[in-house]
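> This is a predicted model, with the sequence first.
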Amino acid sequence: MEKNDALKKIKEAKNFREVCWAIDDITKETKDKKILLEAFNISEKLAEDFNDFRNLAVRIQDNIKDKKLTLKSYQKLETKIKEFDDYVSFAESLIDNLKDKKWATKIYKKAENIFEEDYEAESLAISVLTKLKDKKWEKLIKEKISNKAEEQPKTISEVKKKDIYQLIGQEITTFNKIFSKDDFKGEQKTKKCLSNFIKESEASSSSYPVLGILEKSEFKEKSEILNSFNENINFKIKNKGDLFKKPSKDKILLVYYYQYLSTNYKLKFKKDIKNLILDTDNFNNLAILKYDSKQYTLELEESDKSTDTYIYAILPNGKIIEEVLKDKKNIIKKLSN
């Protein structure tokens, strides 16, 4: 096989699975080490995640027969580990392919330090027993499952003025404005009005913690409030009504909003409270904390995992429109109609 033909096969691959197929075809047709090395170098540039690099490392070992190069490929593979499953998979590969139990043991220990779920501990225990034949270690890992269950935070109902609390949950960022329905006569007028509203929203939006989901009379998927001893505070909410009032006749309410699915607030109460009740407003079935500066102070510490941005509208006839902001054409069409 000519070098150019081999490299062309790899470059024409549409995804990394096809890259692997191309490598398998090349190795069947040639044993020329220079061609294979260049094919692997190009393939490495196309690899993206742990599984891609693992498939590449196995093929390098099987076809190049070069211990130094194989070791280098597994060292590179270790840098691509991101999740718990990657650690276990990598450790098993080290034992199955390199017969390196010492290196694998180090990786298993890293996996042991980061597991969060019971099923992860179970899979780790099985792997340690199967690959290392280590019954003592398997037993210790399984004991950690029951220990973690015992470490669940204690729940109490009282908050203290002296303590500092963490409010862990979601957050919503919103801006709203009322328009005349005449502002949306025709697509050009609607487009201009919507564009100005988005600019104003981006400059003037406000953020609020979301305490949970309101379903009929039930309050579900509550956020967590933890004290400095990691004790969970049992709290209730009192819904005060809708966050945004329905527009009057011939008016349209526009709401710009997006959420952060993971946030952490520092929460400090101004007095001791035996049974904590927090006031909320409702928007889209979300229980949004109604800030009460007399009762507590709030300070955002971190936020992560933002959603798409949405436009929510209540029309004069009571009809509700809700669309992702990036679908502007559809929003304009619905508002102008």
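Received the coordinates, thanks.

> C-alpha from now on. contacts and neighbour counts both.
OK.

> ok, and what's touching stretch 51-60?
With contact meaning C-alpha atoms under 8 Å, 6 or more residues apart in numbering, stretch 51-60 is reached by 16, 20, 40, 43-44, 47, 69-70, 73-74, 76-77, 80, 97.

> between those residues, which is closest to residue 10?
Nearest to residue 10 out of the contacts of stretch 51-60 is residue 43 (C-alpha to C-alpha; 7.0 Å).

> which secondary structure elements does the strand or helix carrying residue 85 contact?
Assigned by DSSP states H and E, residue 85 belongs to helix 84-93. On a contact count with 3 or more C-alpha pairs under 8 Å, 6 or more residues apart in numbering; DSSP states H and E, helix 84-93 meets helix 101-114, helix 118-127.

> What residues of the first one count as buried?
Think helix 101-114. Neighbour-count burial for helix 101-114, counted by 16 or more other C-alpha atoms under 10 Å, picks out 101, 104, 105, 107, 108, 111, 112.

> The last one now?
Neighbour counts using 16+ other C-alpha under 10 Å place 120, 121, 122, 124, 125, 126, 127 of helix 118-127 among the buried residues.

> now the angle between helix 101-114 and it, please.
Here the directions of helix 118-127 and helix 101-114 differ by 160 degrees (axes from the mean of the first three to the mean of the last three C-alpha atoms, to 10 degrees).

> contacts for helix 118-127?
Taking C-alpha under 8 Å, 6+ apart as the rule, helix 118-127 contacts 84-85, 88, 92, 108, 111-112, 115, 137-139, 141-142, 145.

> Which among the contacts of stretch 51-60 count as buried?
16, 20, 40, 43, 44, 47, 70, 73, 74, 77, 80.

> Max pairwise distance over the residues you listed: which two?
Greatest spacing in the buried ones among the contacts of stretch 51-60, by C-alpha to C-alpha: 16 and 70 (19.6 Å).

> before we move on, the earlier item: which of the helices and strands packed on helix 84-93 has the lowest average pLDDT?
Looking over the helices and strands packed on helix 84-93, mean pLDDT reaches its minimum on helix 118-127, with a mean of 90.

> what about this structure, any weak spots by pLDDT?
In the predicted model, the chain carries pLDDT under 70 at residues 1-3, 6, 146-154, 216-217, 221.

> Which parts of it are strands?
Remark: strands assigned in the chain by DSSP state E are 155-156, 165-180, 206-215, 218-220, 224-226, 232-233, 236-242, 251-269, 277-283, 286-289, 296-306, 310-314, 320-324.

> Tell me which of the ones you listed approaches residue 33 most closely.
Residue 33 lies closest, by C-alpha to C-alpha, to one member of these: strand 296-306, at 45.6 Å.

> What strands line up against that closest one, and which way round?
In the sheet, strand 296-306 lines up against strand 251-269 (antiparallel) (DSSP bridges).

> From the recorded domain assignment, give the ranges for the protein.
3-150, 165-336 (automatic domain parsing).

> Which strand residues bridge the closest residue to residue 324 other than its chain neighbours?
Distances taken as C-alpha to C-alpha, 6 or more residues apart in numbering place residue 310 nearest to residue 324, at 4.4 Å, with adjacent residues excluded. Residue 310 forms beta bridges with residue 257, residue 324, as assigned by DSSP bridges.

> Please name the residues that touch residue 290.
Neighbours of residue 290 in contact, by C-alpha under 8 Å, 6+ apart: 208, 278, 279, 280, 281.

> ok, now how distant is it from residue 192?
Look at residue 290 and residue 192: by C-alpha to C-alpha, to the nearest Å, they are 33 Å apart.

> what does residue 50 give?
For residue 50, the distance to residue 192 - C-alpha to C-alpha - is 47 Å.

> Neighbour count: these two, which is higher?
Neighbours were counted for residue 50 and for residue 192 using other C-alpha atoms under 10 Å; residue 50 has more, 21 against 13.

> quick one, what contacts that one?
77, 80, 81, 82, 86.

> Residue 105 and residue 91 touch, don't they?
Yes: at 7.3 Å, residue 105 counts as touching residue 91 under the criterion of C-alpha atoms under 8 Å.
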